[in-house]
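Undergrad: I'd like to go over a predicted model; first the sequence, then the structure.
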Amino acid sequence: MPQTYSDERLTSYCFEELELGMQAEYRRPVTEVDVAQFADVSGDINPLHLDPDFAARTMFGEKIVHGMYGAGMISAVIGTRLPGPGCVYLGQSLRFVAPVHIGDEVVASVLLVELFPEKHRARLETQCHVGEILVITGEALVLVPTGAELETISATG
């Protein structure tokens, strides 16, 4: 049974609990405020994301959401749901397939496709969709704590 911390949004699986085919997702509508705050925090102030006049003259015809905003949502799934707290990112590939617009609801999802027991690692297929449209696809490799390691973390926190 997964360990659930006091924050009901967090679910943590130890390596021994993982099974191929496990899935998790996080969904969120993107707002103007989200894009402005992401630009401020990341430093990516590309006018394609912030200036409607500039963006209107691009191939997109309007402002689009930072691609890394969606990548951050993938990170949210991995860090909070599957495998969850205690896991460590080792790598992430990303391919940006279609733009995301302000007001779109983005659904980030992960699917567990491979386990490496000798090193407690897991490979996850990662995606973001807006409705039926695939907007980001990729793959992540993560280090997953064992049950004993999670107990140690929980006991000291």
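TA: Perfect, I can see it now.
Undergrad: now residue 109: closest residue in space that isn't a chain neighbour?
TA: Taking C-beta to C-beta, 6 or more residues apart in numbering as the measure, residue 109 lies nearest to residue 25, with 4.1 Å between them; neighbours along the chain are not counted. All C-beta atoms are positioned from the backbone trio N, CA, C, and that covers glycine.
Undergrad: and if you look at residue 119?
TA: Per C-beta to C-beta, 6+ apart, closest to residue 119 is residue 143, 7.5 Å.
Undergrad: can you tell me how far the one you found is from residue 12?
TA: Residue 143 sits 14 Å away from residue 12, going by C-beta to C-beta, to the nearest Å.
Undergrad: more neighbours: these two, which one.
TA: residue 12 (23 against 16; other C-beta atoms under 10 Å).
Undergrad: check the gap between that one and residue 129 for me.
TA: In terms of C-beta to C-beta, residue 12 sits 25 Å off from residue 129.
Undergrad: do the same with residue 54
TA: To residue 129, residue 54 is 27 Å away according to C-beta to C-beta.
Undergrad: which residue of these two possesses the greater neighbour count?
TA: residue 129 (22 against 13).
Undergrad: got the contact list for stretch 29-40?
TA: 44-46, 49-50, 63, 65-66, 68-69, 72, 100-106 (C-beta atoms under 8 Å, 6 or more residues apart in numbering).
Undergrad: of these, grab the buried ones for ChimeraX.
TA: In ChimeraX syntax, the buried subset of the contacts of stretch 29-40 is picked out as below (16 or more other C-beta atoms under 10 Å):
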select :49,50,63,65,66,69,100,102,104,106
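Undergrad: filter the contacts of stretch 29-40 down to the ones in helices?
TA: 49, 50, 68, 69, 72 (DSSP state H).
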